[in-house]
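Engineer: This is a predicted model, with the sequence first.
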Amino acid sequence: LEEIGEVEGPLPVEGPLPVEGPLPVEGPLPNVQVYRTFSLDYASLKGFFSKHQRVEEDRRWTPESIKKFSFSNLIRRYLLIPDGYILWLPFALFRALRLAKEVDAFYIRAPAFSTALLAPLLRIFTTKPILTDFSDEWTSETIDFVLKPKWRRKIERWMEKMVIKYSTWVIFSTQGSRDYYSSRYPLQAEKFRVIFNGYDEDDFLRADVKRKTSEDKITIVYSGSCEDTVEPKGLTVTPYYFLKAISILKEKDPNLSEKLQIKFVGYSGKQAKKFVEKWGLKEIVQLCGNQIHRKAIEEVLSSDILLL
């Protein structure tokens with residue numbers, strides 16, 4: 001937050017967070033208690049073999065990284081299924097069972113998809129309702145899934161099937177995701193619900209929108225993150241093909257930079273910068289990087305065209 005200007009000065013920290021026990025949350029939800037559990041996640045395992053512990057969630061599967069022969073990649077590929085948080089699961093289950101008498105239901109959010117595996121495990125030990133929230137699709141044609149070995153994809157599909165079978169309700173953030181899972185699991189479709197991601201309308205009302213004139217360039221804005229890959233397999237968000245198309249337009253119209261500007265607001269990946277430099281698009285394309293929430297909204301509202 002400090003790096004992108006959301007706060008001024010260092011963030012206040014009063015000692016380390018407790019490993020276990022209730023952690024009171026101050027603010028709009030004073031009655032909420034957070035219980036932290038021990039975890040042997042992927043970053044912790046890497047800390048055993050290297051001096052500098054890196055935080056990794058084992059969710060980005062790219063051919064360049066995962067196919068390199070290394071001990072850590074062998075662990076990621078063959079042991080950490082479905083992701084790097086699987087060794088957190090027994091500690092989370094133990095804590096959930098200790099709290100079972102105090103709660104009316106369990107709400108589980110994925111990813112990380114190891115979290116979703118709590119659903120069938122809790123069903124063994126408790127009769128409380130279980131609501132599983134798939135904010136992202138698990139075994140669809142996303143690049144994170146299709147690049148995994150065939151044998152591992154079969155295991156994860158079985159895991160997903162068990163999660164959906166033993167959940168009381170399954171929540172999706174888009175109608176498209178619900179339709180996809182309804183086609184995959186028609187016998188379970190009646191338990192599927194859609195709850196859209198929310199936003200604050202006042203953020204858009206307070207935004208400082210730039211007024212455009214007839215002399216201004218046409219502005220195209222992409223707001224969000226891009227995958228740092230050009231892998232043609234699986235669904236992915238890569239700027240490669242769009243920027244390649246713009247480079248072709250530039251060859252046909254040398255004055256294109258006088259008419260058009262393109263802004264990528266958010267993480268665009270390392271490859272995007274290389275594409276811009278390689279195809280000579282610096283005068284057209286701006287890689288704005290991460291912006292504070294207000295600034296990102298202003299860029300969106302000031303654009304002529306939004307790139308999805």
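Structural biologist: Structure received.
Engineer: Against residue 132, how distant is residue 181?
Structural biologist: 11 Å (CB to CB, to the nearest Å). For the C-beta atoms, the positions are set from N, CA and C on the backbone; glycine is no exception.
Engineer: just the helices in the stretch 51-200 of the chain please.
Structural biologist: Remark: helices assigned in the stretch 51-200 of the chain by DSSP state H, counting those that start in this stretch are 63-66, 71-78, 89-99, 113-116, 118-125, 143-146, 150-166, 175-184.
Engineer: ranking those by burial, who's on top?
Structural biologist: The highest average neighbour count among these, using mean count of other CB atoms under 10 Å, belongs to helix 113-116 at a mean of 22.
Engineer: Run through the neighbouring helices and strands of that helix.
Structural biologist: On a contact count with 3 or more CB pairs under 8 Å, 6 or more residues apart in numbering; DSSP states H and E, helix 113-116 meets helix 89-99, strand 106-110, helix 150-166.
Engineer: what residues does the second one touch?
Structural biologist: Put plainly, it is strand 106-110. Outside strand 106-110, the residues within contact range by CB atoms under 8 Å, 6 or more residues apart in numbering are 96, 115-116, 118-119, 122, 126, 128-136, 138, 167.
Engineer: one more time with 10 Å
Structural biologist: Contacts to strand 106-110, defined as CB atoms under 10 Å, 6 or more residues apart in numbering, come from residues 82-83, 92, 96, 99-100, 115-119, 122-123, 126, 128-136, 138, 160, 163, 167-171.
Engineer: Check stretch 251-262 too.
Structural biologist: Applying CB under 10 Å, 6+ apart, the external contacts of stretch 251-262 come out as 216-222, 239, 242-243, 246-247, 249-250, 276, 279-287, 303-305, 307.
Engineer: 6 Å instead?
Structural biologist: Stretch 251-262 is contacted by residues 217, 218, 219, 220, 249, 250, 283, 284, 285 when judged by CB atoms under 6 Å, 6 or more residues apart in numbering.
Engineer: buried stuff in that stretch?
Structural biologist: Neighbour-count burial for stretch 251-262 flags 256, 257, 260, 261, 262 (criterion: 16 or more other CB atoms under 10 Å).
Engineer: Compile these into CSV and extend it with columns for distance to residue 75.
Structural biologist: Converted to CSV, those look like this (distance: CB to CB, whole Å):
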residue, distance to residue 75
256, 48
257, 48
260, 47
261, 45
262, 40
